[in-house]
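A.B. asks: show me the folded form of this:
(chains A and B)
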Amino acid sequence: MQKEIQERTGKMDVLLLVLVLFLTVFGLVILYSASSYNGRVRFHDPAYYFKKQLFATALGLGVMYAASRIDYHVLVSWAPAVYLLSILMSVAVLLVGKEINGSKRWLALGPFSFQPSEFSKLAVILFLAWQIDRSRKKTSGFWFMCRTMATLLPIVGLVGSNNLSTAIIILGIGVILIFVSSPGYVQFIGMGAAGIGFVAVFLAAESYRLERLAIWRNPEKYEKGFQTIQGLYAIGSGGLFGRGLGSSLQKLGFVPEAQNDMIYSIICEELGLAGATVLIFVFALLLWRLSVISMHSRDLQGTLICAGIMGHMAIQVILNISVVTNTIPNTGITLPFVSYGGTSVMFLLAEMGLALSVSCHRKIKPAYDK
Amino acid sequence: MKKNMTYHKKKVWVVFLLCILMLFGLVGRLVWLMGFRSDHYYEKAEDLHERERDIKAARGRILDANGKVLADNKTVCTVSVIHSQVKEPEKVIRLLSSELGISEGEIRKKVEKVSSIERIRTNVEKETGDAIRKAGLEGVKVDEDHKRYYPYDTLASTVLGFTGGDNQGIIGLEVEYEEVLRGTPGKILTTTDARGVEIDEIGESRVEPVNGGDLRLSLDISIQEFVQQAALKVMEEKQAERVSILLMNPQNGEIYACVNVPEFDLNHPFELNTGEDVSSMNTQKVQELLNRMWRNPCLNDTYEPGSTFKIITMAAGLQEGVVSLEDRFYCPGYKLVDDRRIHCANRRGHGSQNFVEGAQNSCNPVFIEVGLRLGVEKYYEYFRRFGLMEKTGIDLPGEAGTIMHKMENMGNVELATVSFGQSFQITPVQLAATVSSLINGGKRITPHFGVAVQSEDGKYIKELKYPSRSGIISQDVSEKVRGILETVVSQGSGRNASVPGYSIGGKTATSQTLPRSANRYISSFLGFAPAEDPKVLALCVIHDPKGIYYGGTIAAPVVRSIFENVLPYLGIKKTAVPIQEGDS
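C.D. replies: Residues are numbered from 1 along each chain as shown, chains lettered A, B, ... in the order given. Got it, this is the predicted structure:
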């Protein structure tokens, strides 16, 4: 069995790699376009954000390569330690975190800053894969679900205390992995209903959350709807083919922090409906490759890792575009590979490396399995 | 290590399909936003990015009756620097300093200031602006602008008025015809970022301005100039406080000249015409003096008209039939009205005289008698019918209303004083307009300056219309009034206004200003020619003359000198047989 794990029995998923590289380059180009104005105005350097992102991307590509070469079973075996590390880092953020734009989410490491919540997503994927794989009992019971979710509570609580959006993503990854690992469907429908009920109570508990709902319904009437409205102006003024790459006007200080969460609206304005749809299509292809790798994985660990990564990607892409298009109320979620954020792009590439590693070890000859 | 089961794969597939479904939903949302709602958002975004800069429309000119330009536009320049575009700051500083005569230090401060645009100086002469533009230094902007310019400086200053900093009218015709003259400003649309900084690559779009229309007046600059000189002459000779002269066409109300000396310089309207030193005064005091200087006493101020008002009493009496030309009166030098003895100007009395002689003598008791015969109610009715209770509707701002007794407060004494033009106040222009209406056959006219609005090339012309009201007295009575007034000039107190070869009608007046104890007088004369068919009516009002103050002595000659020149100028032929000779 040990021998079997060490073997590299398949080829790397080239299409996934091509898609990832495309997204990385595309992301950098759009980031430069969206951030050059803010960079020029604030730092007298149009390439300020681009340079930092480029550095993180280069680092990330290295990490991706390394992750793709390492057998993912080894990584899964480290999962408890990785998970513990992410909890420790989250605690550290609470204590000695660096505050940027009013949020305490970063750890300063010399000239660099590091966002542990990004790391915790990867950690949770690995940890759940490890945990579910280890559980001897049936994975269909209610008790299994509760227990598994319970193990996530520390990190959800820690991350959620200052970054609700990431906590939601972590919970989402948890739900998806539990869904994949248990054979039933009925209990998930119940869980979905419970989730909706929980959200309703959660929103009603605090009036400012209801205000968010009101802003969502009618953003033009509220001062806080400014970001949403500016995003919509950008999207709407793109039309079918956009103003052309680099020609966005909304990025000139109208959409606040155009290089962050709202970057998709700049894509819409510059590349139009055509470009925006193509990008969604590329993300869809990426999800398709991840699910194919997941399904073709030789064992449950590989399946769960790829399903988790796919879930992570899907949640961020869907939530981000939904927020930018004002389809759901505003919440701060970045667009993978495109939005500015070094830690984010680095760990996304690491996840891709992990997926590539799973694809390498997938079984080509079914006969070999038994 | 666990194996993956079929249901694992199936569930991954389910998750994947759900995600694809949601992505499809989002594509649908994008199609809605970017396809169907695109125009809406595009427009809103455009509003946000575009900044409007007005292009001023050239203000319409003001022309006299012969098309001479009374108010024109001069091109001036505004010089500014755009910090971000300046490449050679030293050169820019040196150029602007030498061309504009501002110290280098002051300009340096502005050039080196980090701002989007810094204005160096406005109202720069066009030649200077051209020279700066010719130097072609980057970051230096020369914008052209129009500034109002009055070629005749002081001429008709209180009539024309002047404009303020934004080229809007402040007084006079410039205010009254603001909408006509102003035009519609054009726009330059530029795109800016959120801080308002223009984005040069995108360029600008323009909406051209529509220039204001030219206003053509009935005012004739040659007449105005002559009348002004006559007014200045008498003001100097009599050391009067001020002199106002109004010259109009009694048939239609067109004003040929409106002089109020001392006038002020329209090109420097904020400098006092008295040459007083304003540095020691506070701003409120200075503003008060300026406001007084800008007044047009012909219509902004009222006065007691005095004997010229007897024309109104005369017309009312004749129209009502309470007096005829042959009626005889006796003047002992006063008249008793309800125990009050009201004196005649001639304390010794005019003795026995008929009505026409009474008018020639300007005898107060005669007109008191006519007034009393009419009675308060009738008198008041005519006062109102002649249009004296309303404003004339002249096309200048700030016309003052009539100050008159209330009918219920009017006793015989008040009636008696009103009958010869005292104890109430009207504006000079009101008197001129009313008398015009009485001598033109009974048509109440609206005195006015504006005749037409036309395009700069004169191709498009819109004549201005003014209301008139016929039948305030009969043709017959009007003719009688003209006849009586003709004899006033040919044989009576207005003798000094007679011009050989012309039949001239007129009436003198001398009134005392309030308080009576100050011994300040207003001498005036109202004349018109030709007496049978009046084409010109002149009213000369001299405020506070020193020495002799009788209207017949000092105001009538002014009108005579004006008529001597203006009547031939207007092409009014001399009558073959002067009436004066026929009478004697």
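A.B. asks: for whichever residue of the stretch 1-150 of chain B sits closest to chain A, give its distance to A:G236.
C.D. replies: Chain A sits closest to B:Y41 of the stretch 1-150 of chain B, with a gap of 2.2 Å, by C-beta to the nearest C-beta. Every C-beta, even on glycine, is put in place using the N, C-alpha and C of the backbone. Remark: distance between B:Y41 and A:G236 (C-beta to C-beta, to the nearest Å) = 2 Å.
A.B. asks: which neighbours do these two share?
C.D. replies: Common contact partners of B:Y41 and A:G236 (C-beta atoms under 8 Å, 6 or more residues apart in numbering or on different chains): B:L33.
A.B. asks: looking at those two, which is more packed in?
C.D. replies: Neighbours were counted for B:Y41 and for A:G236 using other C-beta atoms under 10 Å in any protein chain shown; A:G236 has more, 26 against 21.
A.B. asks: who's in contact with the residue most central in space within chain B?
C.D. replies: Nearest to the mean C-alpha position of chain B, by C-alpha atoms, centre = their mean, lies B:G172 at 2.7 Å. Residues in contact with B:G172, defined by C-beta under 8 Å, 6+ apart, are B:S157, B:T158, B:V159, B:L160, B:G161, B:F162, B:N296, B:L396, B:P397.
A.B. asks: quick one on the thing from earlier: so where does the residue of the stretch 1-150 of chain B closest to chain A fall, helix or strand?
C.D. replies: helix B:38-49 (DSSP states H and E).
A.B. asks: in strands, which of the contacts of B:G172 appear?
C.D. replies: Among these, no residue falls in strands (DSSP state E).
A.B. asks: next, give phi and psi for B:Y177.
C.D. replies: Phi and psi for B:Y177, reported as degrees, to the nearest 10, are phi -110, psi 30.
A.B. asks: what's the separation between it and B:K507?
C.D. replies: Using C-beta to C-beta, which is the criterion applied here, B:Y177 is 33 Å from B:K507.
A.B. asks: repeat for B:G169
C.D. replies: In terms of C-beta to C-beta, B:G169 sits 36 Å off from B:K507.
A.B. asks: more neighbours, those two?
C.D. replies: Here B:G169 and B:K507 are compared on neighbour count by other C-beta under 10 Å; more neighbours surround B:K507, at 33 against 23.
A.B. asks: surely the more buried one touches B:A538?
C.D. replies: No - in this structure B:K507 lies outside contact range of B:A538 using C-beta atoms under 8 Å: 11.6 Å.
A.B. asks: find the residues that touch each one of these two.
C.D. replies: The contact sets of B:K507 and B:A538 overlap at B:F525, B:L526, B:G527 (C-beta under 8 Å, 6+ apart).
A.B. asks: please confirm that the last one is located within a strand.
C.D. replies: If I follow you right, that is B:G527. Yes - applying DSSP: H, G, I helix; E, B strand; the rest coil, one finds B:G527 inside a strand.
A.B. asks: what sits closest to it if chain neighbours are left out?
C.D. replies: Nearest residue to B:G527, sequence neighbours excluded (C-beta to C-beta, 6 or more residues apart in numbering or on different chains): B:G506, at 3.4 Å.
A.B. asks: check A:W130 too.
C.D. replies: With C-beta to C-beta, 6+ apart, the residue lying closest to A:W130 is A:A79, at 3.6 Å.
A.B. asks: you'd agree that neighbour is up against A:A129?
C.D. replies: Yes - look at A:A79 against A:A129 with C-beta under 8 Å: they come within range, at 6.8 Å.
A.B. asks: those two: who's more crowded?
C.D. replies: Neighbours per residue (other C-beta under 10 Å) separate A:A79 from A:A129, with A:A129 holding more: 27 against 22.
A.B. asks: output the one helix or strand that one maps to as PDB, restricted to C-alpha atoms.
C.D. replies: Counting by DSSP H and E, the element that carries A:A129 is helix A:116-134. C-alpha atoms of helix A:116-134 as PDB (Å, rounded to 0.1, in the frame of the first residue of the first chain):
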ATOM      1  CA  PRO A 116      -3.800  33.900   7.800                       C
ATOM      2  CA  SER A 117      -7.500  33.600   6.900                       C
ATOM      3  CA  GLU A 118      -6.400  32.800   3.300                       C
ATOM      4  CA  PHE A 119      -4.200  30.100   4.700                       C
ATOM      5  CA  SER A 120      -7.000  28.700   6.900                       C
ATOM      6  CA  LYS A 121      -9.100  27.800   3.800                       C
ATOM      7  CA  LEU A 122      -6.400  25.500   2.500                       C
ATOM      8  CA  ALA A 123      -5.800  24.200   6.000                       C
ATOM      9  CA  VAL A 124      -9.500  23.400   6.400                       C
ATOM     10  CA  ILE A 125      -9.600  21.500   3.000                       C
ATOM     11  CA  LEU A 126      -6.700  19.400   4.100                       C
ATOM     12  CA  PHE A 127      -7.900  18.900   7.600                       C
ATOM     13  CA  LEU A 128     -11.400  17.800   6.500                       C
ATOM     14  CA  ALA A 129     -10.000  15.400   3.900                       C
ATOM     15  CA  TRP A 130      -7.800  13.900   6.700                       C
ATOM     16  CA  GLN A 131     -10.600  13.800   9.200                       C
ATOM     17  CA  ILE A 132     -13.300  12.300   6.900                       C
ATOM     18  CA  ASP A 133     -10.800   9.800   5.600                       C
ATOM     19  CA  ARG A 134     -10.000   8.700   9.100                       C
END
